[in-house]
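Enquirer: Here is my input; please provide its structure:
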Amino acid sequence: MRKSQKISWLVVLAATLALILGGCAGKPKDPPGNAIKNELKGAPDWVTNCSSFWKDKDDVKICGVGSMGSTRNIGLAKSAAEGRGRTAIARALQVQIKSMLEDYQATTTGGEQFGKAASDEQHVVDVAKQVTDMSLSGTENTATWISDSGTYYVLMALDVEKFKEIVDNMTQLSESVRKAVVERADAKFKELDAEIAKERAAKQ
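Expert: Prediction:
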């Protein structure tokens, strides 16, 4: 092969490589918003709105969604996602239990002094945490979904009847406190569900 022919082939090869590399480098990357949409493509409604899983509005539950990605260990992904779902429930549940106890204290003491004494407030916080920790044992893995990226999603839920049963059996609490929480559970769970729905609507 002549020298001039070799040079021609090298020029063609170089031009071809430049086109290939240029095409790869110029490929646009998905912006963050599109990346999230792609991640949730085909996701069931409960992934972004956990309460939508239950069609019956009277079937009151506190729910939370947890997720775990970046692992090939399915067992680790499942347990981590469940833990995060329980954490989401715990945050919401503790607020509602504290509200139940404050309501109970207000009706039994007239509400004038309640919350002003640090010991009263600390007692409510401690009992709320105690009830929350015990109640989390009643949470259940209700549904799972795995995205195309391999992220494992879990829907965790706590049934109001299960919650009342757990509280009713907490003998370390006084009977009056157990009764107060159980009696207020239905209303407070529904109140929480309404608050979640309102926050969700505001974000849309």
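
Enquirer: what are the phi and psi values for the residue nearest to W54 when sequence neighbours are not counted?
Expert: Distances taken as Cβ to Cβ, 6 or more residues apart in numbering place K61 nearest to W54, at 6.4 Å, with adjacent residues excluded. Glycine gets a C-beta too; all of them are placed from N, C-alpha and C. K61 adopts backbone torsions of phi -140, psi 160, taken as degrees, to the nearest 10.

Enquirer: Pull the number of nearby residues for the spatially closest residue to A77 that is not a sequence neighbour.
Expert: Nearest residue to A77, sequence neighbours excluded (Cβ to Cβ, 6+ apart): Y152, at 3.8 Å. By other Cβ atoms under 10 Å, 22 other residues sit near Y152.

Enquirer: centroid residue for this structure?
Expert: Residue closest to the mean C-alpha point of the chain, counted by Cα atoms, centre = their mean, is V65 at 3.1 Å.

Enquirer: Now do the helix or strand harbouring that one: which elements does it pack against?
Expert: V65 belongs to strand 61-68 when assigned by DSSP states H and E. Applying 3 or more Cβ pairs under 8 Å, 6 or more residues apart in numbering; DSSP states H and E, we find strand 61-68 packed against helix 74-109, strand 152-159, helix 160-168, helix 175-203.

Enquirer: can you tell which of those is closest to M134?
Expert: helix 160-168 (5.7 Å; Cβ to Cβ).

Enquirer: tell me the mean pLDDT for the closest one?
Expert: On average, the pLDDT along helix 160-168 is 92.

Enquirer: how about A43, secondary structure?
Expert: Three-state call for A43 (DSSP: H, G, I helix; E, B strand; the rest coil): coil.
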